[in-house]
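*Asks:* Just need the structure, nothing else, for what follows:
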Amino acid sequence: MNRELLIRMIYCEMLGYDASFGHILAVNMTQQNTIPDKRVGYLACTVLLHENHELMIMITNSFRRDLRDKNYLVVAAALNTVSRLINNETIPVIMPLVVELLKHPTDLIRKKAIMVLHRIWLKSPDQLPNIGEHARAMLCDKDPSVMGAALCLLVDLCKQFPTRFKDLVPSFVSILKQITEHRLPKDFDYHRMPAPWLQMGLLRLIAILGQDDQHTSEGAYEVLGDVMRRADSGINIGHAVIYECVRTIATIYPCSSLLEQAATSISRFITSDNYNLKYLGITALAQIVQLDPKYIGSHQLEVLDCLEDNDETLKRKTLDLLFRISNPSNVQLVTDKLLGSLEQCGTVQMAEEDIYKSELITKITALAEKYAPTNVWYVDIINRVFLLGGDLVPAAVGDNMLQLITEGSGEDEQADAELRAHAVDAYMDMAREKPVLSDTLVTLMAWVLGEHGPALLDPQQIVETLVRLMDRDLKISTTRHAIVQALMKVCASMGRCPPAVLTLVEKYADSMDVELQQMCYEFRALAQAPAEIFAQVLPQGGSTEDLEVDLNLTFLNPFIERCLQEGARPYVPAPQRTADTMAMASPVPGLPPDAEGPEVADAAAFATGIVGDLTAPAAPESGLKFEAYDAPPEATAVSQSTVPTAIANPDQMSAQAPLKTVTTAVSSETLTAQPRKRKWGPAGYNDTLPQAVPAPATPTTTGSAPATRPPKAPPRPVRSSSRALQGRRLSKVWPCPRSSPQSTPLRLRPGSCLRRRRWHRCSSGAPPRRAP
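*Replies:* Numbers count the residues shown, from 1 in each chain. Sure thing, here's the model as predicted:
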């Protein structure tokens, strides 16, 4: 009954309901004596618990007991759960027991034990340093299932440490040869194919260890050809083995005969009517082509036919293959196919579609930059990519395009001029015909039309085109910046500013974009200036001119000489600046020009802020002190004592005057506290600061009589303690001891009392409450 309820609880958890109340029952079920109860309990723990569950301490004890059990069914159930729930804290406790089970007489336990060790190594490799020795031992196990479990562990080990297991390649080749010769029991056959999963595991190991190693690869050439020939049986599992052979041949050191055999096998995949086999053939052909592109020659028609297929996955895989086989001779064909696929993606904004379109854009731009036959073809292809890709096209593509149009190839000036003319015509057509353009493309168009358009077309047409672009719905603010700059260049070449441009400038002069606003103000100022100044500020074709940078700023020499002649001070380098040099450098304001002596030096020091010689050490007692202020002295403990202050005339002291409090510090410095007067009043206890009474000055004449001690002041009222208030009935407002002075006081009712700074209920009254 409990087993059935536990299974139903597992079903409830699978449906999404919370059944955590029954987790402890699953753990208790693993401690039963009957085998069915244990197996159901371990199954429930595997499904319901996780490695960091709070009940892991209890189930660990069950692991330790059941892993030593003599019944292999109990041990197998425990190993199944261990592989799922083991964590870094339980590994030191469980691992020695699992290692002992590698020598268990039952092959099922040995297989599960090596799988648990694989799990432990994946979670914490440092706690299992000798895992390679266990894997080698299990590879030689007499049972093929145990050997197959060890292959999974060896695949991960060889990926991380390939050089440590190079010596196992002959063993792998021998085992693979025995499998293909049907030396294993018939129980391991699948559709007349001997142990296909063991074959694929061994092929992966040979591919990992034989990569870039000719000596290791040569030992596997013969068995690879034999496996590929025997696996060609026309069934799906045989195709899987052939595909794994092709991957291995493409990974190890290349062999021409094996590549030919692999290409022949791939041709049957591509020509098949099965979509899965076609996809498998395209994938395998892409790996073979990386070694030698000639193998694609006999399959070009079949590959192009795959592009017309209705299967979207197959089309994308074929496009990836075309990108891999691209070269200068077929780049135009491949680029057209990629552009056609980009156009079929449509304009639907979906995450998956955007990712695929970005991949296509990257491939097309890479092919165009690498294999472009002419610059004009490159410009046309990139323009199509901008129109189809929109905002997904990176800005770097536009920058490369801009650099090519501006600088050209540098070999033929006439060809570069034709390229610029072609670009200007293409962008004028786009601006008139295409209603939607990306911001990156609009920026590129504005720059090309403003820089090269006036020399090739009517400037008035370019102005009208740019004004229409400015009125479009643009997403990036820098796009309008580029359009305004292009309008400034065109108007500078015209020598005037058309009314439409002035209206546009006035419109965006009040823009929220500060940079655009500043550009409009500059544009308006240049439009009001003479035409010669406008043309000098924005010369036509200025982007192609080479700039010469004057690092010494020699163009300022005439200005400096004129200022020196007018009486300006010469520049003195910072290390050489002293009061004397600065005084001799120029006359000091306020003194006659022929003044000499220390007065001139002092006045110069005051005017320049330089006192004395900067190279000499500063005098400790003279001059200004440009140092940080001294840190304030630390506060010292003080002791307060009420000491009467000495006064000259004791008769002048009033009896009602409060006693002055003098604070005596422990150290040499003294701190004086404010006098306080505490009193009882109608509103309760009041703590205020009364006005301090100044003490008369003490005479300092020599030989005067000592000061007389003032009369004793009346005693200060003392606050009643809590003990004195016990049992007394209060009807006045008393401040709460735990509240701040600004908080609302508590109003006591009869029967309340204060005891040990807490409010308590008296036997004769109600508890206190806060006043409203």
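*Asks:* Past the host helix or strand of Leu224, which element shows up next along the chain?
*Replies:* Following DSSP states H and E, one finds Leu224 within helix 221-231. Per DSSP H and E, helix 221-231 leads on to helix 236-251 as the next helix or strand towards the C-terminus.
*Asks:* Just the CA atoms of the following helix or strand past that following helix, as CSV, please.
*Replies:* Helices and strands here follow DSSP H and E; after helix 236-251, the next one along the chain is helix 256-270. C-alpha atoms of helix 256-270 as CSV (Å, rounded to 0.1, in the frame of the first residue of the first chain):
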residue,chain,number,x,y,z
SER,A,256,43.3,10.6,-50.2
SER,A,257,41.8,7.1,-50.6
LEU,A,258,39.6,7.4,-47.5
LEU,A,259,38.4,10.8,-48.7
GLU,A,260,37.4,9.4,-52.1
GLN,A,261,35.5,6.6,-50.3
ALA,A,262,33.8,9.1,-48.0
ALA,A,263,32.8,11.3,-50.9
THR,A,264,31.2,8.3,-52.7
SER,A,265,29.2,7.4,-49.6
ILE,A,266,28.1,11.1,-49.2
SER,A,267,26.7,11.2,-52.8
ARG,A,268,24.2,8.5,-51.9
PHE,A,269,23.0,10.6,-49.0
ILE,A,270,22.5,13.8,-51.0
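*Asks:* now helix 256-270, how far from the centre of its chain.
*Replies:* Mean-position distance between helix 256-270 and its chain equals 45 Å (CA atoms, centre = their mean, to the nearest Å).
*Asks:* Mind listing what's buried along it?
*Replies:* Residues of helix 256-270 classed as buried by neighbour count (16 or more other CB atoms under 10 Å): 258-259, 261-263, 265-267, 269-270. C-beta coordinates here come from the backbone N, C-alpha and C atoms, glycine included.
*Asks:* wait, which of these is closest to Asp305?
*Replies:* Nearest to Asp305, judged by CB to CB, of the buried residues of helix 256-270 is Ile270 at 8.9 Å.
*Asks:* Can you tell me the number of residues neighbouring Leu48?
*Replies:* Neighbour count for Leu48, taken as other CB atoms under 10 Å: 21.
*Asks:* Oops, could you answer that again for Leu101 instead?
*Replies:* 22.
*Asks:* Please give the three-state secondary structure assignment for it.
*Replies:* Secondary structure for Leu101, judged by DSSP: H, G, I helix; E, B strand; the rest coil, is helix.
*Asks:* That one: what's it in contact with?
*Replies:* Contact analysis of Leu101 by CB atoms under 8 Å, 6 or more residues apart in numbering lists 67, 75, 79, 109-110, 112-113.
*Asks:* so can I have a markdown table of those residues showing neighbour count?
*Replies:* Converted to a markdown table, the contacts of Leu101 look like this (neighbours: other CB atoms under 10 Å):
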| residue | neighbour count |
| --- | --- |
| Leu67 | 21 |
| Val75 | 22 |
| Leu79 | 26 |
| Ile109 | 20 |
| Arg110 | 22 |
| Lys112 | 25 |
| Ala113 | 28 |
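*Asks:* Pick out the most distant pair among those residues.
*Replies:* Leu67 and Arg110 (13.5 Å).
*Asks:* Identify the residue spatially nearest to Gly410, adjacent ones excluded.
*Replies:* Asp416 (7.7 Å; CB to CB, 6 or more residues apart in numbering).
*Asks:* cool, Pro92 as well?
*Replies:* Closest to Pro92 by CB to CB, 6+ apart is Gln127, at 6.9 Å.
*Asks:* wait, isn't the one you found in contact with Ile91?
*Replies:* Yes - contact criterion CB atoms under 8 Å: Gln127 and Ile91 qualify, at 5.2 Å.
*Asks:* more neighbours, the two?
*Replies:* Each of Gln127 and Ile91 has its neighbours counted (other CB under 10 Å); Ile91 has more, 16 against 13.
*Asks:* Can you pull out the low-pLDDT segments for the chain?
*Replies:* 1, 346-351, 541-547, 579-772 (pLDDT under 70).
*Asks:* What strand or helix carries Ile355?
*Replies:* Using DSSP H and E, Ile355 falls within helix 351-371.
*Asks:* buried residues in that helix?
*Replies:* 354, 356-357, 359-361, 363-365, 367-368, 371.
*Asks:* With distance to Cys345 as added columns, please give these in a markdown table.
*Replies:* Converted to a markdown table, the buried residues of helix 351-371 look like this (distance: CB to CB, whole Å):
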| residue | distance to Cys345 |
| --- | --- |
| Asp354 | 9 |
| Tyr356 | 7 |
| Lys357 | 5 |
| Glu359 | 11 |
| Leu360 | 8 |
| Ile361 | 10 |
| Lys363 | 13 |
| Ile364 | 12 |
| Thr365 | 16 |
| Leu367 | 18 |
| Ala368 | 18 |
| Tyr371 | 23 |
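*Asks:* can you tell me which of the residues you listed lies nearest to Arg39?
*Replies:* Closest to Arg39, out of all of the buried residues of helix 351-371 and judged by CB to CB, is Tyr356, at 48.1 Å.
*Asks:* what's the distance between the closest residue to the closest one other than its chain neighbours and Tyr253?
*Replies:* Residue nearest to Tyr356 in three dimensions, not counting chain neighbours: Cys345, with 6.6 Å by CB to CB, 6+ apart. Distance from Cys345 to Tyr253, counting by CB to CB, to the nearest Å: 40 Å.
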